[in-house]
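Q: My questions are about this predicted structure, shown below with the sequence.
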Amino acid sequence: MSRNPYINALLAGLYIVFVVLLITYGPAYVRDKPDTILAPMAMLSLLVFSVALMGYLFFLQPVQMFLEGQKHEAVGLFTKTLGAFAVITGIALAIAFIV
């Protein structure tokens, strides 16, 4: 995506917030409808899309850099992105336990 690990981690975090909001508040719009096969299909599709998006955000740029011979920079970008995402996750967990 980008060579800025903080932007990549922030985009991953924002995507997760969007999915959680969708899962939390989405059922309010379909409560009176019967269950169909579409719900499991939608959840599996969301899983596949999420894995692909996270792979894109976390791995695409480091792999390209690695293949171009920039091995140390690629590892640095990946670990910084992962570290920034870990900080975002830690903040979210702290907020969840405090509230």
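A: Right, received. Where do you want to start?
Q: so which strand or helix has the spatially most central residue of the chain?
A: Centroid check for the chain by CA atoms, centre = their mean gives Ala12 as the closest residue, at 3.7 Å. If you go by DSSP states H and E, Ala12 is part of helix 5-25.
Q: now that helix, how far from the chain's geometric center?
A: 6 Å (CA atoms, centre = their mean, to the nearest Å).
Q: Endpoints of stretch 54-64, how far apart?
A: 16 Å (CA to CA, to the nearest Å).
Q: Which residues does that stretch contact?
A: 1-3, 8-9, 11-12, 15, 74-75, 77-78, 81-82, 85 (CB atoms under 8 Å, 6 or more residues apart in numbering). The C-beta positions use only the backbone N, C-alpha and C, and glycine is treated the same way.
Q: Looking at those, which is nearest Ile37?
A: If you rank the contacts of stretch 54-64 by distance to Ile37 using CB to CB, Tyr15 comes first, at 25.9 Å.
Q: ok so, going back, isn't the residue nearest to the centre of the chain right next to Val87, touching?
A: No: using CB atoms under 8 Å, Ala12 is not in contact with Val87, being 11.9 Å away.
Q: what does the helix holding Ala12 contact?
A: Under CB under 8 Å, 6+ apart, the answer for helix 5-25 is 1-2, 46, 50, 53-54, 57-58, 61, 77, 80-85, 87-89, 92.
Q: now stretch 75-84, how far from the centre of its chain.
A: Relative to its parent chain, stretch 75-84 has a centroid offset of 14 Å by CA atoms, centre = their mean.
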